[in-house]
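> predicted model follows, preceded by the sequence.
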Number of protein chains: 4
Amino acid sequence: MSVLMQFAMFPTDKGASASPYVSRVIAMIRDSGLPYQLSAMGTIIETETLEEAQSVVSKAYSLLQNDCSRVYCTVTFDIREGSTGRMQQKINSIEEKIGKVNH
Amino acid sequence: MSVLMQFAMFPTDKGASASPYVSRVIAMIRDSGLPYQLSAMGTIIETETLEEAQSVVSKAYSLLQNDCSRVYCTVTFDIREGSTGRMQQKINSIEEKIGKVNH
Amino acid sequence: MSVLMQFAMFPTDKGASASPYVSRVIAMIRDSGLPYQLSAMGTIIETETLEEAQSVVSKAYSLLQNDCSRVYCTVTFDIREGSTGRMQQKINSIEEKIGKVNH
Amino acid sequence: MSVLMQFAMFPTDKGASASPYVSRVIAMIRDSGLPYQLSAMGTIIETETLEEAQSVVSKAYSLLQNDCSRVYCTVTFDIREGSTGRMQQKINSIEEKIGKVNH
């Protein structure tokens, strides 16, 4: 099974700049060893189970809860039978049809 | 702590009508005993921990995985220190400011 | 055509309580005459075109931009051929299958 | 003003593989000349106004509506005063704090 998860988590009680808080989360994901990609609007990771993906969200929240009184988080899952490697395959599938794109 | 979670989960390999699949998920939520509200675009539940909310998403997926080869799911969390009861309190807070609204 | 749109818009530079700002947006939607429903996590409206739904998001932002330096907004569209009235029909379709639910 | 918009749009009446439809949308965005980035879970574009971003969503739907009877679309906006260029700046801001990340 392949679970693609995109998520963004940030405090809403800290003013306009959330990057000090978001940085903690990204560092945890990078150190997790999971395949991931950061974008300007969130982070994508790929796991083999839904629970493994959800545990990343739990760990992310545990890094914020001590000094953030309110946290907002959006998550999107694309879950599919079959093998992993879809973070790149989905882009390849587009490029096979229309040629090179920015990614 | 109060965790408000809105989520929508549906198969994308079953054609335009997803309600037979969505119905399984809603029945499970109703039977869970958690406070919940169904809307035309998803379901809101309130829990005391993030893990409790995530376990609802896991159970929902377990109801679809046997006969759905691809599932899409969007989740939004609003996590706040303090006591639960926010499913209604957040609406009350708006109505105190601007009067009655449809909800 | 029926366009169901769920959206939530809030400033992220104003501390933990966004309800004074969200209230402006909800009052505008209520006064628009469009079918709508407020929940604890956002507002659903139904329109006949995508552009009509998007103009509600534009108006919402115009109510915040003068005193909010950063605004976050999530939007979900479910667009379907056929007639409107789906805000209630989608719930009815679930209840026909599993009986009464909270909505 | 800088409007970062992430969006994903796909038919839900076409079975598990949406890439023939998604490809049309990505080709349109690439040809628009706007700064954009494709990921496995959606596309990010940056514009100077909210309306300019919304017109991309409208054009995307116009490419699907003739042969898709049901379309689902998720959109997230991060709108901020100041100049554009945030698609890269937001990642730089994280890397200044924690070092290199995958992006």
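Received the coordinates, thanks.
> wouldn't A:G82 be in contact with A:V3 here?
No: taking contact to mean Cβ atoms under 8 Å, the distance of 11.3 Å between A:G82 and A:V3 leaves them out of contact. Bear in mind the C-beta positions are built from the backbone N, C-alpha and C, glycine included.
> which one's more surrounded, the two?
Taking neighbours as other Cβ atoms under 10 Å in any protein chain shown, A:G82 and A:V3 compare with A:V3 leading, 23 against 11.
> distance of that one relative to chain D?
In this structure, A:V3 and chain D are 12 Å apart, going by Cβ to the nearest Cβ, to the nearest Å.
> ok, now A:E52?
17 Å.
> cool, A:I98 as well?
5 Å.
> ok, now A:F10?
In this structure, A:F10 and chain D are separated by 10 Å, where distance is defined by Cβ to the nearest Cβ.
> residues contacting that residue?
A:F10 makes contacts with A:18, A:21-22, A:71-73, C:12, as judged by Cβ atoms under 8 Å, 6 or more residues apart in numbering or on different chains.
> pretty sure it belongs to a strand, no?
Yes: checked against DSSP: H, G, I helix; E, B strand; the rest coil, A:F10 lies within a strand.
> helix/strand/coil for A:V71?
With three-state DSSP as the basis, A:V71 sits in strand.
> surely it touches A:L64?
Yes: A:V71 is in contact with A:L64 according to Cβ under 8 Å; the separation is 5.5 Å.
> from D:I44, how far off is A:K90?
Using Cβ to Cβ, to the nearest Å, A:K90 is found at 15 Å from D:I44.
> ok, A:M5 next?
The gap separating A:M5 from D:I44 is 17 Å, by Cβ to Cβ.
> where does pLDDT dip in chain A?
The model of chain A has no residue with pLDDT under 70.
> what parts of it come near chain C?
For chain A, the contact set with chain C under Cβ under 8 Å from any Cβ of the partner chain comprises A:10, A:12-13, A:15-16, A:18, A:69-70, A:72, A:74.
> swap the cut-off to 6 Å and go again
Within chain A, the positions lying close to chain C (Cβ under 6 Å from any Cβ of the partner chain) are A:12-13, A:15-16, A:69-70.
> out of those, which are buried?
Neighbour counting with 16 or more other Cβ atoms under 10 Å in any protein chain shown marks A:12-13, A:69-70 as buried within the residues of chain A next to chain C.
> for A:F7, helix, strand, or coil?
Three-state assignment for A:F7 (three-state DSSP): strand.
> show me what contacts it?
In this structure, A:F7 makes contact with A:42, A:75, judged by Cβ atoms under 6 Å, 6 or more residues apart in numbering or on different chains.
> now A:A16
Residues in contact with A:A16, defined by Cβ under 6 Å, 6+ apart, are C:13, C:69-70.
> do A:E81 as well
Residues counted as contacts of A:E81 (Cβ under 6 Å, 6+ apart) are B:S69.
> which stretches of chain A form helices?
Remark: helices of chain A, listed N- to C-terminal, are A:19-32, A:50-62, A:86-98; assignment by DSSP state H.
> and the ones you listed: which comes nearest D:E48?
With Cβ to Cβ, the closest approach to D:E48 among those belongs to helix A:19-32: 22.3 Å.
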